[in-house]
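J.: sequence and predicted structure below; questions after.
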Amino acid sequence: MISPTSPIMRTSPSKGSLRFFHSVDHAENFPVASVLLPRDIRSKVMTIYGFARFADDLADEGSWTVGQRLAFLKELSNMLAGSDAGPWLKAAELADKANALCKDWRMQGLDQQANMTSEMQLMLAAFTWDARGFWPETAEQFDCYCRGSAASVGRMLLALHQIEGAACLQASDAICTALQRINMLQDCAIDAKRGRIYVPACELRAMGYQAEDWFRFCAAGQLPDPVRQWVRLSARAQSEQLRLNQHLAAALPLRLALELRAIIAAAASIARALSRSPDPVMDRPRIGKALRGTGAFRLLRDWIFGLSSDA
C-alpha cells in the first residue's frame, strides 16, 4: 500500500541499504522491501518498485516534453505486454534500462501471476495523467486516478500473498486511496511546482478560487483560511477511512498485517499533523516532526491496537 511515511525498513534501490523513513525528496514514495515481508515476496516487491519508479520518473523527472513522456510511457506499456523497446526510449538512451526491468519482471514470474501485469498497466495509465498535468474536476475523478496510482499497489501485494475476495479488495482500495490523498495533502506545495493540483476543481471553485490562485498560494508559501480548513477536514476524513478499513489486517498473513498496520499508523500520524497544522504549505508535515513529544507513543499504540475513533 502506498504510504508517504511508513515506519518500516526500506531498501534504497540505488544503494541497496536498509533504512527506516523514506522522505519525499523524490517525487513520490513507494513501499519498498519491508523486512516484515517474506524474502521471496520482498524480491518481487523490489521488482515492482523498480518498474514503477522508472515509469514514474518518466512522467515526473528530467526536462522532457509532455509528448516525449507520453511516448515513453506508451512504449514501456507495450514492452510490458511483450513488445521490443520503441524508438522514443532508444533515442533517449532508456531502452537498456527498460529492457532490464521487463526482463526482471519476467524472471520474477510476475507476468504469470493473475492480474499483476494488468494492475501495472493501470498504474502506467495513471502516470500518463501525471505527465499531462493532472487536475481532477471532481472527487470521483480523483478516485479513478487513485485506482491506478494507489489501489493497484495494494492489489498487487494482495495477489503476491494469494489473497482474494471482494471484501479484501474493497478495503485495500479504500486504504490505498486514503494514503494517496494524505500524501497529496502533505505534498501540495511540491506538486504545485510541477504544475499539478490534486484539489478537485469543483471544490476549489466552491471556495472561490481558480487554478492560478492555487499556484499563487503555493508559490507564496501560505494558504488562505478556507483552503487551510479544507485541508484539515480532508485529512480527518482520510484518517477515518483508514480506521474504517483497518480490519483488512485481520485477513492477512501476520507479517503483511504488521506492515499494513505500521503504514496505517504512520499515515494517521501525518493526517493528525495536517489536521492541526496552521498551514501545511508553510510548514509541510513530516514523520519526524509528527513523532515528537507523545507522537511516537501514539504511533506505537496505533500500530499495536489499531486506530481509535479519535485518530
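T.: On my side now, so go ahead. None of the values given here were measured: they were computed from a predicted structure.
J.: need the residues that contact stretch 130-142.
T.: 56, 58-60, 66, 69-70, 73, 145, 149, 181, 194-198, 200-203, 211 (C-beta atoms under 8 Å, 6 or more residues apart in numbering). The way it works is simple: take the backbone N, C-alpha and C, and place the C-beta from them, glycine included.
J.: which parts of stretch 219-237 are buried?
T.: Neighbour-count burial for stretch 219-237 flags Leu223, Val227, Arg228, Trp230, Val231, Arg232, Ser234, Ala235, Arg236 (criterion: 16 or more other C-beta atoms under 10 Å).
J.: for stretch 142-152, same thing?
T.: Residues of stretch 142-152 classed as buried by neighbour count (16+ other C-beta under 10 Å): Phe142, Asp143, Tyr145, Cys146, Arg147, Gly148, Ser149, Ala150, Ala151, Ser152.
J.: relative to Ser83, how far out is the third one?
T.: In this structure, Tyr145 and Ser83 are 26 Å apart, going by C-beta to C-beta, to the nearest Å.
J.: and the fourth one, by the same measure?
T.: Counting by C-beta to C-beta, the gap between Cys146 and Ser83 amounts to 28 Å.
J.: and the fifth one, by the same measure?
T.: In this structure, Arg147 and Ser83 are separated by 25 Å, where distance is defined by C-beta to C-beta.
J.: convert stretch 68-76 to CSV, retaining C-alpha atoms only.
T.: Coordinates of each C-alpha in stretch 68-76 appear next as CSV, following Å, rounded to 0.1, in the frame of the first residue of the first chain:
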residue,chain,number,x,y,z
GLN,A,68,8.1,12.6,-25.0
ARG,A,69,6.8,11.5,-21.6
LEU,A,70,3.6,10.1,-23.1
ALA,A,71,5.6,8.3,-25.8
PHE,A,72,8.0,6.8,-23.2
LEU,A,73,5.1,5.5,-21.1
LYS,A,74,3.3,4.1,-24.1
GLU,A,75,6.4,2.2,-25.3
LEU,A,76,7.0,0.9,-21.7
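J.: pull the number of nearby residues for Arg286.
T.: 16 (other C-beta atoms under 10 Å).
J.: swap that for Glu212, please
T.: Neighbour count for Glu212, taken as other C-beta under 10 Å: 8.
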